[in-house]
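**Q** here is a sequence together with a model predicted from it:
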Amino acid sequence: MITLWLFILIISTCGFFWFSRQIAEAAREHAAQQSEKLNVQLLSVACQKRRLGVLKNGQLGIKSEFLFEFSSDRDNAYKGTLYLENQMLVKVDVPPHRIVD
């Protein structure tokens, strides 16, 4: 019986890791799209917070916050935040930044 529980624990841990990687890749794509839309250079993307929760559609899922750094003038770096529910972008916070032509 303990072997069964150990097997279930290993499989669920691997599944959570795989799903977390998919969410991270989706966040990277969303950050790249935001950077392109703002006409800035994307510097980095990092997970700030990840938790289980009830999503807006009423289902159980993973809510994540990703921090992305960008630069508009190569001298200053700014930090924006992406809010995701599973792999879907829900909200984006972008700080005021310098726009260079």
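**A** Everything's here; your move. Residues are numbered from 1 along each chain as shown.
**Q** ok, and the closest non-adjacent residue to residue 72?
**A** residue 40 (4.5 Å; C-beta to C-beta, 6 or more residues apart in numbering). For every residue, glycine as well, the C-beta is placed using N, CA and C.
**Q** got the contact list for that neighbour?
**A** Shown in contact with residue 40 (C-beta atoms under 8 Å, 6 or more residues apart in numbering): 70, 71, 72, 78, 97.
**Q** turn these into CSV, including secondary structure and neighbour count.
**A** CSV is the format used below for the contacts of residue 40 (DSSP: H, G, I helix; E, B strand; the rest coil; neighbours: other C-beta atoms under 10 Å):
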residue, secondary structure, neighbour count
70, strand, 22
71, strand, 17
72, coil, 17
78, strand, 18
97, coil, 17
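**Q** low pLDDT regions in this structure?
**A** Scanning the chain for pLDDT under 70 picks out 101.
**Q** repeat the analysis, applying 80 as the threshold.
**A** By pLDDT under 80, the low-scoring segments of the chain are 100-101.
**Q** longest strand anywhere in it?
**A** strand 41-54 (DSSP state E).
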